[in-house]
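J.: Need a 3D model of the sequence below.
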Amino acid sequence: MHTRKHLRRLLVVAAAALTLPAMAQQKSTADSVLIRKLYSEALTSTESHEHLRYLTKQIGARLSGSPQAAAAVEWSWQLMEKMDLDTVYLQEVMVPHWVRGDKEVGRVLDSKLMGSVDMNIAALGGSVGTGRQGLSAGVVEVQDFEELEKLGRKKVKGKIVFFNRPFDNTHVYTPLAYGGAVDQRGGGPAAAAKLGAVGVLVRSMTNDIQDVPHTGSTRYEEGVEEIPAAAISTKGAEQLSSLLKDDPDLRFYMRMTPETLPDVLSYNVIGELRGTEKPDEIIVVGGHLDSWDIGEGAHDDGTGCMQAIEVLRLFTELDINPKRTVRAVLFMNEENGLRGGTKYAEVAKAEGERHIAAIESDAGGFTPRGFGLDGSAAQVAKLKSWRPVLEPYGLADLGAGHGGADIGPLKGQGTVALIGYKPDSQRYFDYHHTEIDVFENVNRREMQLGAAAMASLVYLISEYGI
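T.: Sure thing, here's the model as predicted:
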């Protein structure tokens, strides 16, 4: 027979069992209401878009070490200083200073055409120049490093090596196509130089056939001769390949005048809202402030930086007091060195900071699709558990994935979850690293949706950890 005391204990346990689901439901409803407020504010404010306009139109391209990069640091620091944040500061970092020089010249010299054909090229970041007189040589076309090695020194020496491997357009997620082709840009010049090549042309990194060259970094190797290296537009690559089939003996003329100057002092720009309950647990949200020196660096990565600042503005505007510290970081030198991300991680480790999550926006200002997380299975499961409150806003792609270049150096510091913001990828590589990556090619509403998506995830992590 149950005692009165035992029955009372059973009733308390039963009541608790009924209360917990109700409390969880109430919390989920509250989260949905707050996320709706984040989206409403983001979609009706034009501040982040106007900030992007100033960054791209008034300051412009921001290659590390340039006066424009310095101006972007000062302007973004002042911008966050005017916000109601707990802390705004600059973090010193030495960065490379490569300058492009004169507008590049590329030209096919083909005796069968009784003349020449101009080609749009752009020096790869870090490339040496050709000298003022330019460089003229025969061309050998290859698809990959294996084909290059098979040609051997006898067929490569004294030639310009033309790497012409296109994107694999069967990939729906276009960064996979980029990853499958970009090694020829990064390592092609060094590999060609080892076999005696005098120059390199690399097919631009894009899905599209367009007459716009896409720049990007290349890497030389110590002890290997540094030879001029340029990207050629995909339209030019198709045409050059066709001309080579008709005339394997044609020559290509290229003229480039870049140079590498001494390193320059620059800064990561950082602003934060201190957590009310667990201030020592840090959530980073950011992008890279530098850009290539052609175009305006709008999608890559002006949108990411302005979205990161917008996350802080949304929190202050809506009087959201995060339980954990939220820190916006505008990293310097992602494009040609990653020194900003490396420095940030070094300082974090030296100061014993505890980062629980870092979110990077560096895939353009397009329509949000979700987030990819580089971390433990439990962290991925936690991210997926938020699908009910995120999916109504189009954020269905939640799972394991790549975090980002700038936040990558934090990997291994505790159990930090590295999270990459994933907008729709179909148009990104049309603009990536080009002169057409300009403000006019960013859709305001898509950019606003991205900021709201990032703010929503930051809020959830601040509330519940990850």
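J.: Residue 36: how many residues sit nearby?
T.: 15 (other CB atoms under 10 Å). Where C-beta positions appear, they are placed from N, C-alpha and C, glycine not excepted.
J.: Please tell me how far it sits from residue 456.
T.: Computed as CB to CB, to the nearest Å, the residue 36 to residue 456 distance reads 10 Å.
J.: go on, residue 72?
T.: For residue 72, the distance to residue 456 - CB to CB - is 27 Å.
J.: So between the two, which is more surrounded?
T.: A direct count of neighbours by other CB under 10 Å for residue 72 and residue 456 places residue 72 higher, at 29 against 25.
J.: Skipping its backbone neighbours, what lies nearest the more buried one in space?
T.: In space, and not counting its chain neighbours, residue 72 is closest to residue 62: 4.8 Å by CB to CB, 6 or more residues apart in numbering.
J.: tell me the phi and psi of the one you found?
T.: phi -140, psi 60 (degrees, to the nearest 10).
J.: Start the count at 36 instead of 1 going forward.
T.: New numbering, starting at 36: the last item is residue 97.
J.: per-residue confidence at it?
T.: Looking at residue 97, its pLDDT reads 98.
J.: Strands along the stretch 336-485 of the chain, start to end?
T.: Assigned by DSSP state E, counting those that start in this stretch, the stretch 336-485 of the chain shows strands spanning 359-366, 389-395, 403-409, 432-435, 452-458.
J.: Report the strands that pair with the first one, each with its relative direction.
T.: It refers to strand 359-366. Strand 359-366 has the following strand partners under DSSP bridges: strand 294-308 (antiparallel), strand 313-323 (parallel).
J.: I'd like the average pLDDT over that strand.
T.: pLDDT averaged over strand 359-366 gives 98.
J.: Quick check: bridge partners of residue 322?
T.: residue 365.
J.: unless I'm mixing things up, it is touching residue 336, no?
T.: Yes: look at residue 322 against residue 336 with CB atoms under 8 Å: they come within range, at 4.4 Å.
J.: what touches both of those two?
T.: Here residue 322 and residue 336 share the contacting residues 396, 397, scored by CB atoms under 8 Å, 6 or more residues apart in numbering.
J.: more crowded one of the two?
T.: Each of residue 322 and residue 336 had its neighbours counted (other CB under 10 Å), and the higher figure belongs to residue 336 (32 against 28).
J.: The more buried one contacts residue 397, doesn't it?
T.: Yes: with contact defined as CB under 8 Å, residue 336 reaches residue 397; the gap is 4.9 Å.
J.: Quickly list what's touching both of those two.
T.: Jointly contacting residue 336 and residue 397 under the rule CB under 8 Å, 6+ apart are 322, 323, 369.
J.: just for the protein, where's the confidence low?
T.: Scanning the chain for pLDDT under 70 picks out 36-61.
J.: And the residue nearest the centre of it?
T.: residue 397 (2.9 Å; CA atoms, centre = their mean).
J.: Provide a list of residues in contact with it.
T.: 322, 323, 335, 336, 339, 369, 439, 440, 441, 455, 456.
J.: repeat for residue 221
T.: 251, 252, 253, 254.
J.: and residue 172, that's in a strand?
T.: Yes: according to DSSP: H, G, I helix; E, B strand; the rest coil, residue 172 belongs to a strand.
J.: residues in contact with it?
T.: Per CB under 8 Å, 6+ apart, neighbours of residue 172: 193, 194, 195, 233, 234, 286, 287.
J.: Repeat that for residue 501.
T.: Applying CB under 8 Å, 6+ apart to residue 501 gives the contacts 391, 392, 410, 414, 417, 418, 452.
J.: what about the last one, neighbour count?
T.: Burial of residue 452 is recorded as 26 neighbouring residues (other CB under 10 Å).
J.: cool, the third one as well?
T.: Taking other CB under 10 Å as the criterion, the count of residues near residue 410 is 21.
J.: next one: the first one
T.: For residue 391, the number of neighbouring residues by other CB under 10 Å comes to 22.
J.: Which positions within stretch 98-112 qualify as buried?
T.: 98, 99, 100, 101, 103, 104, 105, 107, 108, 110, 111, 112 (16 or more other CB atoms under 10 Å).
J.: now, among those, which is nearest to residue 345?
T.: Nearest to residue 345, judged by CB to CB, of those is residue 111 at 12.4 Å.
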